[in-house]
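>>> here are the coordinates; sequence isn't available:
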């Protein structure tokens, strides 16, 4: 019997745990095979329950079962698209659980909300018209939508709800924070609570920001708003899903084009369970009959039940044919976009890798971006290996990939792209997360001491009078960091520590680690931080929520370095320090116009970026907290306007490499705050 398009096995692996199903997918379960019965009570005030609810189950499983019962009101053992949409628009608890950030009142009043609801059903159903409970549970076990302990949050909410009207006002939230330090630590998780306790004004301001995040423009928030807020708040420590367990990922690789261009040992040694398809001919040969060979590959798909399909060059024609015939709807990595690929299938995670120097399948960046845009939002990622613009000497600091895509053989890039394709959060988000993994552990530890949010690093500030009055007697913005402090050690470690990967620009990382840090000065410019950096940071966070992706400090913000002869002007600017003219990057054309920052301080020091040394031989460099958001590959032709990522939202920054970026370029002055001025010799 032929395998229909809704019967192809394409499970996505859960992060940090084994695959749920060995040899079959939850999608193989028929609608009449539900293991849990739903009992429906007539009165609307009586909650629906499951007859076999086990209190020892994980809280997420219990809550997911409860949500399923709220959606399925007719006692059916499966959920339809219409039932889901009705529940999302009628039940705030369902909306906060299924689509955090989309209030039920406006869910279908905008194109964004309408698409989010339909994409959600497609993600769960994978082509089926109805969803049974087991598939519903499997979806949430395979995604990052983790339900917090509702009972625990309910207890906290009820403790704040003094008048017991099931809503929390700003006054109630402020009083709760004042009377309970542990509650303050939970609510104000991005703020130094010790500072807030000592300073009522800081505490009030912090509560205002949190209340606005939860309630929006309303005068109060309810329990659903409260739950949705805590599901949306994240940090590097609790949000990073960890590495993919590659030994449990079954990969089917179509041989033609792959084994001659990419070293097959790379993916084999990475630990994946590889099945090769070598017995199919070159599909570009004259009078080639595609259908018989595609049918053979379909047979292997039925037999192996892979989690991922990988094809390169000529083999990409087979991948396209599998999509078109409905034989494969699982995660796919396509190296060199084959000319037959004119559009991507919906609701399929896809990575396309292509170089700008490819002479076999030449394709412009604009054409490839248009191709990627035909796929489902947040599920398609274009890994584009591009060339830089020429230096004044005429030399190209980086040359893009040819047809063999040499960059995939560096820095574990191809296996990381394969990880990204099967990662539940989406390939682009996962690949950007892995950029942190290119840093050495001691640098990551040092960055954690300083923090990755504007609120966090300000807890080191000492000029409290300046912070609240916004004036100084001597226009002083710089404060020395004592050499014995943990802050000095952390900043010094970040400054002297390079990445795991050798620099593409040739500076000597080992020699740089021996440089002498003479002085570290903290930049305390509250007007600049509050008037420029903080508003931009909040704006980017809101745009992430509207795009349906997670904003993670330390992933979408990062510590970077900048050298300039205009350091004093940048530090003392009352609102936005990094004006393009002042920061010396207005004429940059290597990766496009904007303000340039480097991942490694050694790279900045190795060039002419810090200006002439002082008479004692020292130089100065800025260490900055930069909100990079979502980054795209740079281009010498970019004039400061970055490509659209997801209409109407554009990328927030550009980089020199999508594998292990060393250079970041921003266009908005508020994206960077000059947190430390470092004087060094070396």
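The structure has been received and is ready for your questions. What you see is a predicted model, and the numbers here were worked out from it, not measured in a lab.
>>> CA atoms for contacts and neighbours, from now on please.
Will do.
>>> can you list contacts of stretch 601-609?
Applying Cα atoms under 8 Å, 6 or more residues apart in numbering, the contact partners of stretch 601-609 are 495-496, 498, 505, 507-509, 512, 560-565, 598, 610.
>>> what mean pLDDT would you report for it?
The average pLDDT for stretch 601-609 rounds to 91.
>>> Quick check: buried residues in that stretch?
By neighbour count, and taking 16 or more other Cα atoms under 10 Å as the criterion, the buried residues in stretch 601-609 are 601-605, 609.
>>> cool, stretch 493-509 as well?
493-499, 503, 507, 509.
>>> Surely residue 78 and residue 133 touch.
Yes: with contact defined as Cα atoms under 8 Å, residue 78 reaches residue 133; the gap is 6.5 Å.
>>> In CSV, list the buried residues of stretch 601-609 along with distance to residue 369 and secondary structure.
Below are the buried residues of stretch 601-609 laid out as CSV (distance: Cα to Cα, whole Å; DSSP: H, G, I helix; E, B strand; the rest coil):
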residue, distance to residue 369, secondary structure
601, 32, helix
602, 34, helix
603, 31, helix
604, 32, helix
605, 35, helix
609, 33, coil
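>>> what's the spacing between residue 122 and residue 81?
Remark: distance between residue 122 and residue 81 (Cα to Cα, to the nearest Å) = 9 Å.
>>> residue contacts, the closest residue to residue 380 other than its chain neighbours?
In space, and not counting its chain neighbours, residue 380 is closest to residue 350: 4.9 Å by Cα to Cα, 6 or more residues apart in numbering. Residues near residue 350 by Cα under 8 Å, 6+ apart: 331-334, 379-381, 421, 427.
>>> now those residues as CSV including distance to residue 624, secondary structure and neighbour count?
Below are the contacts of residue 350 laid out as CSV (distance: Cα to Cα, whole Å; DSSP: H, G, I helix; E, B strand; the rest coil; neighbours: other Cα atoms under 10 Å):
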residue, distance to residue 624, secondary structure, neighbour count
331, 37, coil, 29
332, 37, strand, 27
333, 35, strand, 28
334, 37, strand, 23
379, 31, coil, 24
380, 31, strand, 27
381, 28, strand, 25
421, 32, helix, 32
427, 28, helix, 27
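>>> mind listing what residue 549 touches?
Each residue near residue 549 by Cα under 8 Å, 6+ apart is listed here: residue 378.
>>> For it, what are phi and psi?
Dihedral angles of residue 549 (phi, psi; degrees, to the nearest 10) stand at phi -130, psi 160.
>>> State the distance from the residue most central in space within the chain to residue 385.
What sits nearest the mean C-alpha location of the chain, by Cα atoms, centre = their mean, is residue 429, with 3.5 Å. In this view, residue 429 and residue 385 are 18 Å apart by Cα to Cα.
>>> and what of residue 406?
Applying Cα to Cα, the value for residue 406 to residue 385 is 9 Å.
>>> which one of the two has more residues nearby?
Between residue 406 and residue 385, counted using other Cα atoms under 10 Å, the more crowded position is residue 385 (27 against 16).
>>> still on that earlier bit, in a markdown table: the contacts of residue 350, plus distance to residue 180 and pLDDT.
What follows is those, written out as a markdown table (distance: Cα to Cα, whole Å; pLDDT from 0 to 100):
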| residue | distance to residue 180 | pLDDT |
| --- | --- | --- |
| 331 | 47 | 96 |
| 332 | 50 | 97 |
| 333 | 51 | 97 |
| 334 | 54 | 96 |
| 379 | 42 | 94 |
| 380 | 45 | 96 |
| 381 | 45 | 97 |
| 421 | 44 | 96 |
| 427 | 41 | 95 |
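>>> Of all the residues in stretch 416-436, which ones are buried?
Under 16+ other Cα under 10 Å, the buried positions of stretch 416-436 are 416-434, 436.
>>> repeat for stretch 556-563
So for stretch 556-563, counting by 16+ other Cα under 10 Å, buried means 556-563.
>>> can you pull out the strands in the stretch 201-350 of the chain?
Per DSSP state E, counting those that start in this stretch, the stretch 201-350 of the chain carries strands over the ranges 220-222, 250-254, 273-277, 308-312, 332-335, 350-355.
>>> who wins for proximity to residue 297 among those strands?
strand 273-277 (7.5 Å; Cα to Cα).
>>> got the buried residues for that closest one?
Buried-residue list, strand 273-277, by 16+ other Cα under 10 Å: 273-275, 277.
>>> same check, this time on stretch 539-552
Along stretch 539-552, these residues count as buried under the neighbour rule (16+ other Cα under 10 Å): 540-541, 543-544, 546-548, 550-552.
>>> Equivalent analysis for stretch 392-399, please.
Buried residues in stretch 392-399 (16+ other Cα under 10 Å): residue 398.
>>> what is the mean pLDDT for that stretch?
So the average pLDDT for stretch 392-399 ends up being 82.
>>> got it, and stretch 645-662?
94.
>>> try stretch 480-495
95.
>>> got it, and stretch 462-475?
48.
>>> Verify the contact between residue 590 and residue 636 for me.
Yes: between residue 590 and residue 636 there is a contact under Cα under 8 Å: 5.1 Å.
>>> So for these two, which sits in the more crowded spot?
Neighbours per residue (other Cα under 10 Å) separate residue 590 from residue 636, with residue 590 holding more: 21 against 16.
>>> which non-adjacent residue is nearest the more buried one?
Spatial nearest neighbour of residue 590, chain neighbours left out: residue 389 (4.1 Å); criterion: Cα to Cα, 6+ apart.
>>> Torsion angles phi and psi at that neighbour?
The phi/psi pair for residue 389 (degrees, to the nearest 10) is phi -80, psi 160.
>>> who's in contact with it?
Residue 389 neighbours (Cα under 8 Å, 6+ apart): 396-397, 589-591, 635-636.
>>> try residue 520
For residue 520, the contact set (Cα under 8 Å, 6+ apart) comprises 480-481, 488, 676-679.
>>> Filter these down to the buried ones.
Looks like the contacts of residue 520 have 481, 488, 676-679 buried, using 16+ other Cα under 10 Å.
>>> So which of these sit within helices?
residue 488 (DSSP state H).
>>> and which of the buried ones among the contacts of residue 520 is nearest residue 370?
Set against residue 370, the nearest of the buried ones among the contacts of residue 520 by Cα to Cα is residue 676 (40.9 Å).
>>> My guess is that closest one contacts residue 625. True?
No: at 9.2 Å, residue 676 does not count as touching residue 625 under the criterion of Cα under 8 Å.
>>> on that earlier part again, any residues in contact with both of residue 590 and residue 636?
Both residue 590 and residue 636 are contacted by 388-389, under the criterion Cα under 8 Å, 6+ apart.
>>> circling back: what's the farthest-apart pair in the contacts of residue 350?
334 and 379 (13.7 Å).
>>> and the helix or strand harbouring residue 70, what's its mean pLDDT?
Assessed by DSSP states H and E, residue 70 sits inside helix 59-71. Per-residue pLDDT over helix 59-71 has a mean of 77.
>>> Mind giving me the packing neighbours of that helix?
strand 49-50, helix 81-90, helix 92-98, helix 133-141 (3 or more Cα pairs under 8 Å, 6 or more residues apart in numbering; DSSP states H and E).
>>> rewinding a little: do you know how far the residue nearest to the centre of the chain is from residue 507?
Per Cα to Cα, residue 429 is found 29 Å from residue 507.
>>> likewise residue 401?
Using Cα to Cα, residue 401 is found at 22 Å from residue 507.
>>> again with residue 323
Counting by Cα to Cα, the gap from residue 323 to residue 507 is 45 Å.
>>> quick one, helices of the stretch 101-250 of the chain?
111-125, 133-141, 150-160, 170-179, 181-187, 193-198, 200-215, 223-232, 236-239 (DSSP state H, counting those that start in this stretch).
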